[in-house]
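A.B. asks: quick one: sequence plus predicted model below, questions after.
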Amino acid sequence: SIYWVQGEFWPKEEIRVSPDDRGYLFGDGVYEMFRVYGGKLYEPKLHFERLERSAAGIRIPMPYSADELHERLRELIRRNNLQEGTVYIQITRGTAPRNHLFPKDSAPVTMAYCNELKRPLAQMEAGIRAVTVNDIRWLHCDYKTLNLLPNVLAKQEAVDRGGDDAILHRGEVVTECSASNVMIVSQGRLITHPANHLILHGVTRAVTLRLAAAAGIPVEERTFTLDELRAAEEVFQTGTTIEVMPVVMIDGQRVGDGQPGPVTRRLQKHFEATLG
Ligand code: PDD
């Protein structure tokens with residue numbers, strides 16, 4: 001497959017990355033994961049805005065404008081002949097001998113690739129099993145940085161405990177999942193953690209809230225507790241690769257009657273209608 005690295009297109013085998021890259025040494029970088037449907041980036045504007053916000057948040061100057069990046073990613077998709085899948089892009093602070101201080105004379109390093117990926121239709125139909133895991137991340141979860149160790153550990157713990165994914169909580173407050181946001185339906189109302197520094201502001205989250213509002217479903221962006229999660233009529237995740245994913249089991253207990261609920265199903269339908 002063809003990658004885009006440092007402004008040029010390369011076959012994967014020919015790419016050379018320095019062991020001094022700060023992404024490698026410190027996780028000192030930011031990234032985005034886009035969905036590609038019908039050969040096009042889904043909601044590109046929201047993703048590029050978030051990438052710019054993440055880079056500014058950790059003080060990496062953006063090496064390209066959003067328009068330039070969009071144009072290069074289109075070319076990446078074209079060269080890989082991708083119809084349905086994902087595009088990953090990361091920007092690190094650059095390459096320099098290991099020192100915590102920002103390097104003075106090094107430029108950011110940009111890398112992007114794409115992958116084929118089908119929509120997870122069977123899982124979207126059946127739903128997944130989640131386990132609750134302590135959210136041990138830092139206080140800028142709104143930046144999409146390469147530092148994903150707590151997310152990796154949470155996902156692994158979930159699978160080790162017989163689940164599919166982790167629902168994270170800080171104390172009693174439910175935040176999000178290892179690589180997606182989480183929403184509950186309680187007394188017919190859709191509730192999800194506010195878009196502050198404690199969660200990633202998901203593109204799929206934003207789209208889903210917009211669709212819910214348009215469908216007349218009452219929406220509350222507020223914190224909710226583990227007790228509210230366990231008592232919810234419906235629970236689902238939202239994310240770039242999983243779209244609107246029902247959660248039917250939490251810590252071995254059924255959510256509602258153990259089947260994806262009607263609000264979840266409605267939002268899945270409305271989401272599908274945005275794919276064009
Ligand atoms: N993850 N929360 C976290 C911690 C995430 O990593 C993601 C996305 C989301 C959902 O955001 P969006 O709807 O914009 O995909 C929420 C990507 C897919 C990843 O890391 O692979």
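C.D. replies: Great, that's in hand. Predicted model only: the values in this text are computed from it and were never measured. Numbering: from 1, shown residues only.
A.B. asks: now do the strands in the stretch 51-200 of the chain.
C.D. replies: Counting by DSSP state E, counting those that start in this stretch, the segments of the stretch 51-200 of the chain that form strands are 85-92, 109-116, 128-134, 165-170, 173-177, 181-186, 189-192.
A.B. asks: contacts only, for the closest residue to residue 155 other than its chain neighbours.
C.D. replies: Excluding its sequence neighbours, the residue lying closest to residue 155 (Cβ to Cβ, 6 or more residues apart in numbering) is residue 178, at 4.1 Å. (Glycine included, C-beta is placed from N, CA and C.) Counting by Cβ atoms under 8 Å, 6 or more residues apart in numbering, residue 178 makes contact with 133, 151-152, 154-155, 158, 165-166, 168.
A.B. asks: go with 10 Å
C.D. replies: 130, 133, 135, 148, 150-158, 165-168, 237, 239 (Cβ atoms under 10 Å, 6 or more residues apart in numbering).
A.B. asks: what about the nearest residue to residue 218 once chain neighbours are set aside, distance to residue 35?
C.D. replies: Among residues not flanking residue 218 along the chain, residue 189 sits closest, at 4.6 Å (Cβ to Cβ, 6+ apart). Counting by Cβ to Cβ, to the nearest Å, the separation of residue 189 from residue 35 is 28 Å.
A.B. asks: between these two, point out the one with more neighbours.
C.D. replies: For residue 189 against residue 35, the residue with the higher neighbour count under other Cβ atoms under 10 Å is residue 35, and the figures read 22 against 14.
A.B. asks: tell me the bridge partners for the more buried one.
C.D. replies: residue 86 (DSSP bridges).
A.B. asks: sorry, back to before: any chance of the strands of the stretch 51-200 of the chain in CSV, plus distance to residue 11 and mean pLDDT?
C.D. replies: Formatted as CSV, the entries for these read as follows, by distance: least, Cβ to Cβ, whole Å; pLDDT from 0 to 100:
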stretch, distance to residue 11, mean pLDDT
strand 85-92, 17, 98
strand 109-116, 11, 98
strand 128-134, 36, 98
strand 165-170, 34, 99
strand 173-177, 35, 99
strand 181-186, 36, 99
strand 189-192, 42, 99
